[in-house]
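1. Fold the following for me, if possible:
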Amino acid sequence: MRLRNIPRAKEAVPASSFVINEPERYRGSWQQLFGDSHPLHLEIGMGKGRFLRDMAARHPEINYIGIERYTSVLLRAIERIGQEEAPSNYRFLCLDATRLGDIFAPGEVDRIYLNFSDPWPKERHARRRLTSASFLHLYEQVLKKGKTVEFKTDNQELFDFSLESAKEAGWRILAFTRDLHRDAMGEGNVMTEYEEKFSQRGNPICKMIAAPPEEIHVR
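-> Next up, the predicted model:
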């Protein structure tokens, strides 16, 4: 993935009131940050934030946290807040998703969204895919029992890998489709920027909803 580095992002991102710095201090107490007891949903790899913003506006009864590792990308999401009236029920974290267990306590998260994640097409990079077994194990630790991961992509190879990875990890695939916009699963769908772009090109959108094993195995 090619990213244009924005030097000012390193200072602008942590200075934003929407970015939570030192998020470890909220581990197990994210409800205190938002000041309510609403469910907590995460988007990992939030990009420029359109999906997160739209979801937060539609669902004020849910709190949202967007996770993005690249400051130059996160800066774009922050700049868009200044151009619009932003919902108060979402915040951003600038960190790598491998740190989920440091930031969220076991069973603290109600849903995780993975939208158009980097496919890492080379086999030697398979562990970096956000639907690989190592990441699924991280999600198991922070999700409440019975809660889900929702994954969308237009990349058929990545979708095949994700279905197989979930099965091998013992996850329960609750629903999936290879053409979301023509399927009943698409009802109420909130599109991302990539999703809109790829759909306009005629690419079918795949979606999987999966839940961890009933019994969580702690390593």
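2. Please tell me I have it right and Leu42 contacts Ile67.
-> Yes: Leu42 lies in contact with Ile67 (C-beta atoms under 8 Å); the separation is 6.3 Å. C-betas here are computed from N, CA, C, even on glycine.
3. quick one: which of the two has more around it?
-> Leu42 (27 against 22; other C-beta atoms under 10 Å).
4. Doesn't the more buried one lie inside a strand?
-> Yes: with the criterion set as DSSP: H, G, I helix; E, B strand; the rest coil, the secondary structure at Leu42 is a strand.
5. Give me the distance between it and Pro7.
-> Applying C-beta to C-beta, to the nearest Å, the value for Leu42 to Pro7 is 28 Å.
6. Please apply the same query to Phe198.
-> Counting by C-beta to C-beta, the separation of Phe198 from Pro7 is 30 Å.
7. what do you get for Glu196?
-> 29 Å.
8. What ranges does the protein have for its helices?
-> According to DSSP state H, the chain carries its helices in the segments 9-15, 30-34, 50-58, 71-81, 100-103, 133-142, 156-168, 193-200.
9. Can you say which of these is nearest to Phe176?
-> Nearest of the helices of the chain to Phe176, taken as C-beta to C-beta: helix 156-168 at 6.7 Å.
10. What helices and strands are in contact with that closest one?
-> Helix 156-168 makes packing contacts with helix 133-142, strand 143-153, strand 172-177, strand 206-211 when contacts are defined by 3 or more C-beta pairs under 8 Å, 6 or more residues apart in numbering; DSSP states H and E.
11. Out of the ones you listed, which is closest to Asn115?
-> Nearest of the helices and strands packed on helix 156-168 to Asn115, taken as C-beta to C-beta: strand 143-153 at 5.1 Å.
12. and the angle for the closest one with helix 193-200?
-> 40 degrees (axes from the mean of the first three to the mean of the last three C-alpha atoms, to 10 degrees).
13. Give the buried residues for strand 143-153.
-> Judged by neighbour count using 16 or more other C-beta atoms under 10 Å, the buried positions of strand 143-153 are 143, 147-153.
14. Show me where this structure dips below the pLDDT cut-off.
-> With pLDDT under 70 as the threshold, the chain has low-confidence stretches at 1-4, 82-85, 215-219.
15. what about 50?
-> When the per-residue scores of the chain are filtered using pLDDT under 50, the ranges that remain are 1-2, 217-219.
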